[in-house]
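Q: Sequence and computational prediction follow.
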Amino acid sequence: MEAGVKTRPIGLVLAAIVITVLGCAPARAPETGQRSGSAAGEPQRSTSLTMLVRYEPPSLAVKALRDAGAGISSTTRLFNAQLDMDDGEGGVAAYLAEELPRLNTDSWRVLPDGRMETSYRLRPNLTWHDGKPLTADDFVFAWRVYTRPLLGVGSQVLSLMEEVSSTDPRSVMIRWRQPYPDAGGLRMEFQPLPRHLLGDALDTGDPEGFVTLPFWTNEYVGVGPYRLTRWEPGALLEAAAFDGHALGRPKIDRLIVRFVPDENTALTNLLAGEGQYATGRSLRFEHAQVLKREWTPTAKGSVLLTPDTPRYTSVQFRTDFVNPQALHDLRVRKALVTSTDRQALNDAIFDGAGAMIDMFIAKHTAYDRVPDVERVISLAERAITRYPFDLRRAEEYFAEAGFRRGNDGVLINGAGERMSMEVWADAGPQYEKEQAIMADIWKGIGVETKVSFVPPARLRDNEWRSSFPALHTTSAGRLESMASVGIPTPQNRWGGSNRGSWSNAEYDRLWDAFNTTLEPSTRGDLAVQMLKMGSEELPMWVLYHNQSVSAHVAGVKGPNNSSLNSDTWNIYLWEVTQ
């Protein structure tokens, strides 16, 4: 067993977690933030906000040169801005750009050879946090950085960009290798980088030195609503409102972002007044229940619940890693899915109030940007193959695959292969409950299971993360997670989301068509076909959709969980009133 993995035996019965606490949205065109005024002649009151986040970011860039792991977007959002942003209604709005490209106009042209061009006009007088002008050349430079083989982070969107150029300081033109339907809303896929600070370092040709520059951490210079003023590693960072922010100076003058890895500690700090806002991933569902009991009667604060990311199980398809080999038998995978008791998971984890959705696409998910998502869901619900919880049917699937009970009760096939598997899962009390339920069920039908819980720090090693031997249950799956382009390789710095390395030529054809078709209804139909194929082949399956929990005290106004890219997406509009 690799170092850093916590192993638990099967049949582990987990006690309920008891938490004891001692002591006691903007429209489609985002508003320009203005600092709260005061009576004539009176000085304005300086305001501050203390945020609690679970993960300390390894870099403040939105597009980090090395994988930054999950759960840091609430922090990186503070320091960055892109050409466009979420509008709070499921769409995008112009941000650094004056307006967004529109298909079949001069701003979004489809060329006769199938390539495309999108053009942006930057807002006037944009500056970096250090006061230097932000120009179109900073986007051209960023494209050079992110597409350099030894530096790039492996992004489908960036790989489709053939060229980024500028004709003047405010004009950005992107030439695309092929039609790309989401070219009009790039969000966090493409950020500018300050050429005046990084240009010389890039030209030296030392990739390792470039990646480890202090610019990416405690000397970061961005163009977002806040600028970094202090970073105390392992503890906190501080930020000040940026006067030159594209949409106006933020209303809160100063932010303190505290790194609190333990969710129970975050809850205690929030209730004790040592934090005013806890971001998604810093709290769990049971903490939301505690906060509601404590706050609701006296209106002390608000809790925001967002069913945000699919919680799913991947199968290992690399023959040099998979154990047992029987996992490559579809009948075995059907048996495992059919023995998934979602109601038991719902009752144990969410008190029966969970989002027990069994496919990647849902009304609230932002991944893959499926158009007309409600129509797609309706079609997919009729098209996909479902596997209701049925232990008798699961045993039949195993029997069809040639398995029978051995003397010790564990299933064994004719080749002498035992149905014994190691399951990796993210660390945390919720996931320990989840995996204990699954292991107990599987034990009852003859599947020997050993669960290994992976700590957050280990999840940042993508090459190792893709080497799981049997199953890996984690979060944030998407349609891309079943495409060959998402298979982790040295070429994409092990950054793909298809960590089980499943490959299917027909699925890849559908995925390629989905990403090159501009007509929305056709794209929706392609999404349905992919969901259908995934349900039939079962390279992975969805258990439920996780509930992201954020919370704030009553004196904080503005948090809005309508964006799934970051729960601080509209932070420049927030206010602290007491």
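A: Perfect, thanks for sending it. Numbering: from 1, shown residues only.
Q: Please report phi then psi for residue 129.
A: With angles defined as degrees, to the nearest 10, residue 129 shows backbone torsions of phi -60, psi -30.
Q: wait, isn't it in contact with residue 227?
A: Yes. If you go by CB atoms under 8 Å, residue 129 and residue 227 touch, sitting 3.8 Å apart. Bear in mind the C-beta positions are built from the backbone N, C-alpha and C, glycine included.
Q: Now the common contact residues for those two.
A: In terms of CB atoms under 8 Å, 6 or more residues apart in numbering, residue 129 and residue 227 are both contacted by the residues 79, 221, 242.
Q: Next, the contact list for the second one, please.
A: Contact partners of residue 221, counting by CB under 8 Å, 6+ apart, are 128-130, 194, 197, 215, 227-228.
Q: Next, count neighbours for residue 483.
A: When counting by other CB atoms under 10 Å, one arrives at 24 neighbours for residue 483.
Q: On the pLDDT front, check it for me.
A: Here, the pLDDT recorded for residue 483 equals 95.
Q: next one: residue 355
A: pLDDT, residue 355: 86.
Q: Please apply the same query to residue 285.
A: Confidence for residue 285, expressed as pLDDT, is 89.
Q: What of residue 31?
A: Residue-level confidence at residue 31 comes out at 49, pLDDT.
Q: repeat for residue 365
A: Looking at residue 365, its pLDDT is 66.
Q: chain center to stretch 508-517, what's the gap?
A: 22 Å (CA atoms, centre = their mean, to the nearest Å).
Q: List the buried residues in it.
A: The neighbour-count criterion (16 or more other CB atoms under 10 Å) identifies 510-511, 514-517 as the buried residues of stretch 508-517.
Q: In helices, which of those residues appear?
A: Of the positions in those, 510-511, 514 sit in helices, assigned by DSSP state H.
Q: Return the closest of those with respect to residue 461.
A: When these are ranked by distance to residue 461 (CB to CB), residue 511 comes first, at 26.4 Å.
Q: how far out from the middle of the chain is stretch 505-521?
A: Relative to the mean C-alpha coordinate of its chain, stretch 505-521 is positioned 22 Å out (CA atoms, centre = their mean).
Q: what do you get for stretch 216-232?
A: How far stretch 216-232 lies from its chain's middle: 22 Å, per CA atoms, centre = their mean.
Q: shaky segments in the stretch 151-300 of the chain?
A: Along the stretch 151-300 of the chain, the parts satisfying pLDDT under 70 run over 152-154.
Q: same deal with the stretch 1-150 of the chain?
A: Within the stretch 1-150 of the chain, the stretches with pLDDT under 70 are 1-44, 66-71.
Q: Compile the buried residues of stretch 508-517 into TSV and extend it with columns for distance to residue 282 and pLDDT.
A: Listed next are the buried residues of stretch 508-517 as TSV, based on distance: CB to CB, whole Å; pLDDT from 0 to 100:
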residue	distance to residue 282	pLDDT
510	37	97
511	34	94
514	34	94
515	33	90
516	38	92
517	39	94
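Q: And residue 79, how close does it get to residue 278?
A: Shown here: residue 79 relative to residue 278, a distance of 20 Å by CB to CB, to the nearest Å.
Q: Show me which of these two is the more surrounded one.
A: Shown here are residue 79 and residue 278; by other CB under 10 Å, residue 278 has more neighbours (31 against 23).
Q: That one pairs with what?
A: residue 52, residue 551 (DSSP bridges).
Q: That one and residue 270 touch, don't they?
A: Yes. Taking contact to mean CB under 8 Å, the distance of 5.2 Å between residue 278 and residue 270 places them in contact.
Q: quick one: the residue lying closest to residue 483 once chain neighbours are set aside from residue 493, how far?
A: Excluding the flanking residues, the one nearest residue 483 by CB to CB, 6 or more residues apart in numbering is residue 511, at 4.2 Å. Here the criterion is CB to CB. By it, residue 511 lies 21 Å from residue 493.
Q: for the stretch 351-500 of the chain, which spans come out with low pLDDT?
A: For the stretch 351-500 of the chain, the stretches with pLDDT under 70 are 364-368.
Q: Show me the helices in it, by range?
A: Shown for the stretch 351-500 of the chain, the helices assigned by DSSP state H, counting those that start in this stretch span residues 373-383, 391-400, 429-444, 462-465.
Q: domain assignment for this structure?
A: The domain map for the chain lists 81-214, 310-546, with the assignment taken from automatic domain parsing.
Q: And the next helix or strand past the helix or strand encompassing residue 287?
A: Taking DSSP states H and E as the definition, residue 287 sits inside helix 285-295. Once helix 285-295 ends, the next helix or strand along the chain (criterion: DSSP H and E) is strand 301-315.
Q: Tell me the helices and strands packed up against that following strand.
A: Counting contacts by 3 or more CB pairs under 8 Å, 6 or more residues apart in numbering; DSSP states H and E, strand 301-315 is packed against helix 285-295, strand 471-475, strand 540-553.
Q: so who does residue 273 touch?
A: Listed by CB under 8 Å, 6+ apart, the contact partners of residue 273 are residue 553.
Q: For residue 172, give me its contacts.
A: Contact criterion CB under 8 Å, 6+ apart gives 83, 97, 119-120, 122, 136, 139-140, 164-166 as the residues in contact with residue 172.
Q: Restricted to buried residues, select those residues in ChimeraX.
A: Restricted to the buried members of the contacts of residue 172, where burial is judged by 16+ other CB under 10 Å, the ChimeraX selection command reads as follows:
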select :83,97,119,120,122,136,139,140,164,166
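Q: Now, the contacts of residue 172 that are in helices?
A: When those are checked against helices using DSSP H, the ones located there are 136, 139-140.
Q: quick check, nearest of those to residue 571?
A: For the ones in helices among the contacts of residue 172, the nearest to residue 571 is residue 139 (23.1 Å; CB to CB).
Q: Next up, the contacts around that closest one.
A: When contacts are counted by CB under 8 Å, 6+ apart, residue 139 touches 83, 164, 166, 172, 190, 192.
Q: I'd like to know how far residue 258 sits from residue 572.
A: 20 Å.
Q: For the two, indicate the residue with more neighbours.
A: Regarding residue 258 and residue 572, a neighbour count based on other CB under 10 Å identifies residue 572 as having more, with 27 against 20.
Q: Could I get the pLDDT score of the more buried one?
A: Listed pLDDT for residue 572 reads 97.
Q: ok, now which ones touch it?
A: If you count contacts by CB under 8 Å, 6+ apart, then residue 572 has 33, 225, 245, 247-251 around it.
Q: Scan this protein for its longest helix.
A: Of all the elements of type helix in the chain, the one with the most residues (DSSP H) is helix 520-537.
Q: could you give me the average pLDDT of it?
A: Over the span of helix 520-537, the pLDDT mean works out to 97.
Q: my guess is residue 371 meets residue 523, correct?
A: Yes. Counting by CB under 8 Å, residue 371 touches residue 523, with 5.5 Å between them.
Q: Can you pull the residues that touch both of these two?
A: When contacts are counted by CB under 8 Å, 6+ apart, the set common to residue 371 and residue 523 consists of residue 181.
Q: the more surrounded of these two?
A: Between residue 371 and residue 523, counted using other CB under 10 Å, residue 523 has the larger neighbour count: 22 against 16.
Q: Can you report phi and psi for the closest residue to that one other than its chain neighbours?
A: With sequence-adjacent residues excluded and distances taken as CB to CB, 6+ apart, residue 523 is closest to residue 517, at 5.0 Å. Residue 517 has phi and psi values of phi -90, psi 130 when expressed as degrees, to the nearest 10.
Q: my guess is residue 517 contacts residue 525, does it?
A: No. Contact between residue 517 and residue 525 fails when scored by CB under 8 Å: they sit 9.3 Å apart.
Q: tell me which residues in stretch 571-578 are buried?
A: In terms of neighbour count (16+ other CB under 10 Å), stretch 571-578 has its buried residues at 571-576.
Q: of all those, which comes closest to residue 307?
A: Distance to residue 307, by CB to CB, is smallest for residue 571 among the buried residues of stretch 571-578, at 22.2 Å.
Q: Return the distance of the closest one relative to residue 79.
A: Counting by CB to CB, the gap from residue 571 to residue 79 is 11 Å.
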